[in-house]
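1. My questions are about this predicted structure, shown below with the sequence.
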Amino acid sequence: MDYKEMYSKKLVSADDAVREIKSGDWVDYGWAATTVIDLDKALAKRMPELTGVNIRGGILMKEPEIFKIEDPAAHFAWNSWHMGGIERKAIAKGFSFYAPIRYSELPRYYRESQTPPDVAMLQVAPMDEHGYFNLGPSPSHAMACIRSAKKVIVEVNQNMPVCLGGFDNCVSIKDVDLIVEGSNTELYELGGGGAATDIDHAVAKYIVDQILTEPASSLVSAVCQTQ
């Protein structure tokens, strides 16, 4: 079976994908830029049917739709690995908790967890010709999460940049259970401390030109295939 055929067989709607989530499940929501968007909207519609769901995430860039349902605490708890303002407000509403961590050991927490993810969901870049989805600018502990999860669902976003570096920055379609093609929302960003200066623009252009060279773009698949 070729990768395109595998992709077609695993492709479902967001509504169908979140039917994998049951009451009492542990669910990972991605991290920073990989936090799901369309799957979040679908789960928000389904969440009133569920109870006791534990969701892990962190560094939210926008308020998830599940936070906006009536009485969230009756249905789920948000367990944050790293809190921002959005999550602090959720704490005040009684459905969010902070999990203290030593960040460098976060992958180990997943490998040794007594509550591994029942479902891991995250945004990814489109699949490449070798059958890999890049995890974009927020790979962090994602591969440890994926390897420990019972079900893996990826939400493809055409706007997710392909980012290089390391061996855990992409996931094979063979390790993905379901694929959702998202609405290609622009990635959310945290505001900077001020407007970019001419020096900032000059440095950014230099770095981006280095990233976008042809040898670098072809390297990502070569690196992923060594996993």
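-> That came in fine, so what should we check first?

2. Go ahead and measure how far whichever helix in the chain runs longest is from the middle of the chain.
-> Secondary structure of the chain per DSSP state H: the longest helix is helix 198-211. Put simply, helix 198-211 sits 27 Å off its chain's centre (C-alpha atoms, centre = their mean, to the nearest Å).

3. Over to stretch 120-129?
-> Worked out by C-alpha atoms, centre = their mean, stretch 120-129 lies 9 Å from the chain centre.

4. tell me the mean pLDDT for that stretch?
-> Stretch 120-129 comes out with an average pLDDT of 97.

5. Pull the contacting residues for the nearest residue to M47 once chain neighbours are set aside.
-> Excluding its sequence neighbours, the residue lying closest to M47 (C-beta to C-beta, 6 or more residues apart in numbering) is H75, at 5.0 Å. Quick note: C-beta positions are derived from backbone N, CA and C, even for glycine. Neighbour list for H75: 47-48, 50-51, 53, 69 [criterion: C-beta atoms under 8 Å, 6 or more residues apart in numbering].

6. So how do I select the buried members of those residues in ChimeraX?
-> Only the buried entries of the contacts of H75 go into this ChimeraX selection, using 16 or more other C-beta atoms under 10 Å:
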select :47,50,53,69
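
7. can you put the contacts of H75 in CSV and add distance to Y98 and pLDDT?
-> Below are the contacts of H75 laid out as CSV (distance: C-beta to C-beta, whole Å; pLDDT from 0 to 100):
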residue, distance to Y98, pLDDT
M47, 21, 98
P48, 25, 97
L50, 23, 98
T51, 22, 98
V53, 18, 98
I69, 21, 97
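
8. which residue lies farthest from the center of this structure?
-> D198 (32.8 Å; C-alpha atoms, centre = their mean).

9. From G191, how far off is that one?
-> 20 Å (C-beta to C-beta, to the nearest Å).

10. next one: G131
-> Remark: distance between G131 and G191 (C-beta to C-beta) = 36 Å.

11. Likewise for V124?
-> In terms of C-beta to C-beta, V124 sits 25 Å off from G191.

12. Please say which of those two ends up with more neighbours.
-> Ranked by neighbour count (other C-beta atoms under 10 Å), V124 and G191 place V124 first, with 24 against 5.

13. What is the burial count for the residue lying closest to that one once chain neighbours are set aside?
-> The spatially closest residue to V124, leaving aside those adjacent along the chain, is F133, at 3.8 Å (C-beta to C-beta, 6+ apart). Residues contacting F133 under the criterion other C-beta under 10 Å number 26.
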